[in-house]
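**Q** Here is my input; please provide its structure:
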Amino acid sequence: MKIAVMGAGAVGCYYGGMLARAGHEVVLIGRPQHVEAVCRDGLFMDTKSFQEHVPMQASADASGVQGAQLVLCCVKSTDTGNAAADMAPHLGPDANILSLQNGVDNAERLQALLRREVVPAVVYVATEMTGPGRVKHHGRGELVIGPSAASHEMAKLFADAGVPVQISDNVVGELWAKLILNCAYNALSAITQLPYARLLQSEGVQDMMRDVVQECLAVAQGEGVTVPGDTWEAVLRIASTMPNQLSSTAQDLARNKPSEIDHINGYVLHKGEALGISTPANRVLHTVVKLLESRSQKTGQ
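**A** Numbers count the residues shown, from 1 in each chain. Next up is the predicted model:
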């Protein structure tokens, strides 16, 4: 199957690489320096179970999605609109689109812009780019996807490539469950530049995370969303399953790149305001990350 990865960062490269190893024709669409490295040497995957160069195609242009039967949209939430506009002229009528993005509304936004079904996915993987054409896998890797006519085929495709997939009838609740984990960890990891296990061991952090989680659950309830499972247990489990992981927000700030904080703590903050629900812990975290972003931009660092 021809598969295109729109937004070949750490998440897109990991899943695209796994599918390429399984024999699929994969094209990564990303930044020119990254594309050049992949075209020259393949994608170097450093994972828990193997280290190898995986040959695949790469393009710096969205026209790379042409002919793809499956498109994995892995761009940052802030780039969703631009990605939809760039992809639209090149998508085939039968292409299936899967959104592997942070936040809860990206699939909905893509669907409105592309005027076609987009299947949401919840991503649980710890990865980072360690250089052009190089991705490092720190742990986990499972997906939870929403129901659609193509979902069972997608699930088998990923399973055959070594990626566990669950299909959920409550994918909105699953997306909120992941959002809450991001709200608890991402900003704190970004502000301190500490990995998850170190964060959780620090004085006062668990109390603050509990405040964040309770605010998120209140907003989710206000939105009519049922969040599955034991949310606090899931927060604790992240630190044990991804102990050395820096959040994507931490990686963005370390590289002086804009983060997705508006779609994480900022999303809860603004939804809370609309519902009349106070979210002071999320407000503080959102504000501090925005200040750090602003400092980097103003100093040109």
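**Q** what's the longest helix in this structure?
**A** When the chain is parsed with DSSP state H, its longest helix is helix 171-192.
**Q** how far is that helix from where the chain is centred?
**A** Here helix 171-192 shows a centroid-to-chain-centroid distance of 10 Å under the convention CA atoms, centre = their mean, to the nearest Å.
**Q** repeat for stretch 78-86
**A** In terms of CA atoms, centre = their mean, the centre of stretch 78-86 is found 15 Å from the chain centre.
**Q** helices or strands next to the helix-or-strand element of the chain with minimal mean pLDDT in the packing?
**A** The helix or strand of the chain with the poorest confidence is helix 280-299; it has a mean of 89 (mean pLDDT, DSSP states H and E). Helix 280-299 is packed against helix 171-192, helix 205-222, helix 248-254, helix 265-275, with contacts defined by 3 or more CB pairs under 8 Å, 6 or more residues apart in numbering; DSSP states H and E. Heads up, the C-betas are built off the backbone N, CA and C, glycines and all.
**Q** May I see the ones you listed arranged in TSV, with mean neighbour count, distance to A4 and mean pLDDT as well?
**A** What follows is the helices and strands packed on helix 280-299, written out as TSV (neighbours: other CB atoms under 10 Å; distance: least, CB to CB, whole Å; pLDDT from 0 to 100):
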stretch	mean neighbour count	distance to A4	mean pLDDT
helix 171-192	24	22	97
helix 205-222	18	33	98
helix 248-254	22	22	94
helix 265-275	20	27	98
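**Q** circling back: show me which positions of the least confident helix or strand of the chain end up buried.
**A** Neighbour-count burial for helix 280-299, counted by 16 or more other CB atoms under 10 Å, picks out 281-286, 288-290, 292-293, 296.
**Q** helices or strands next to the longest helix of the chain in the packing?
**A** For helix 171-192, the elements it packs on are strand 119-131, strand 134-145, helix 196-201, helix 205-222, helix 231-241, helix 248-254, helix 265-275, helix 280-299, judged by 3+ CB pairs under 8 Å, 6+ apart.
**Q** Let me have the ones you listed in TSV, extended by distance to T47.
**A** Formatted as TSV, the helices and strands packed on helix 171-192 follow (distance: least, CB to CB, whole Å):
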stretch	distance to T47
strand 119-131	9
strand 134-145	4
helix 196-201	19
helix 205-222	29
helix 231-241	15
helix 248-254	18
helix 265-275	30
helix 280-299	29
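**Q** looking at those, which is closest to E52?
**A** Of all the helices and strands packed on helix 171-192, it is strand 134-145 that lies closest to E52, at 11.6 Å by CB to CB.
**Q** Can you verify Q101 is assigned to a helix?
**A** No. For Q101, which was evaluated using DSSP: H, G, I helix; E, B strand; the rest coil, the result is coil, with no helix membership.
**Q** Could you list the buried residues of stretch 148-167?
**A** Judged by neighbour count (16+ other CB under 10 Å), stretch 148-167 contains these buried residues: 148, 150-151, 154-155, 157-158, 161, 163, 165, 167.
**Q** Which among the helices and strands packed on helix 171-192 is found nearest to H24?
**A** In terms of CB to CB, the element of the helices and strands packed on helix 171-192 nearest to H24 is strand 134-145, at 15.8 Å.
**Q** packing partners for the closest one?
**A** Here strand 134-145 is seen to pack against helix 10-21, strand 43-46, strand 119-131, helix 151-160, strand 165-167, helix 171-192 when contacts are counted using 3+ CB pairs under 8 Å, 6+ apart.
**Q** Centre of the chain to it, how far?
**A** Centroid separation for strand 134-145 versus its chain: 10 Å, with CA atoms, centre = their mean.
**Q** coming back round to it: turn the helices and strands packed on strand 134-145 into CSV, columns for distance to M242.
**A** Supplementary listing: the helices and strands packed on strand 134-145 in CSV, determined by distance: least, CB to CB, whole Å:
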stretch, distance to M242
helix 10-21, 13
strand 43-46, 16
strand 119-131, 4
helix 151-160, 20
strand 165-167, 18
helix 171-192, 9
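**Q** For N256, which of the ones you listed is the nearest?
**A** Relative to N256, the nearest member of the helices and strands packed on strand 134-145 by CB to CB is helix 171-192, separated by 12.1 Å.
**Q** relative to strand 119-131, how tilted is the closest one?
**A** Taking axes from the mean of the first three to the mean of the last three CA atoms, to 10 degrees, one finds that helix 171-192 is oriented at 30 degrees with respect to strand 119-131.
**Q** quick one: helix 171-192 to helix 280-299, angle?
**A** Using the same axes, to 10 degrees, the inter-axis angle of helix 171-192 relative to helix 280-299 is 50 degrees.
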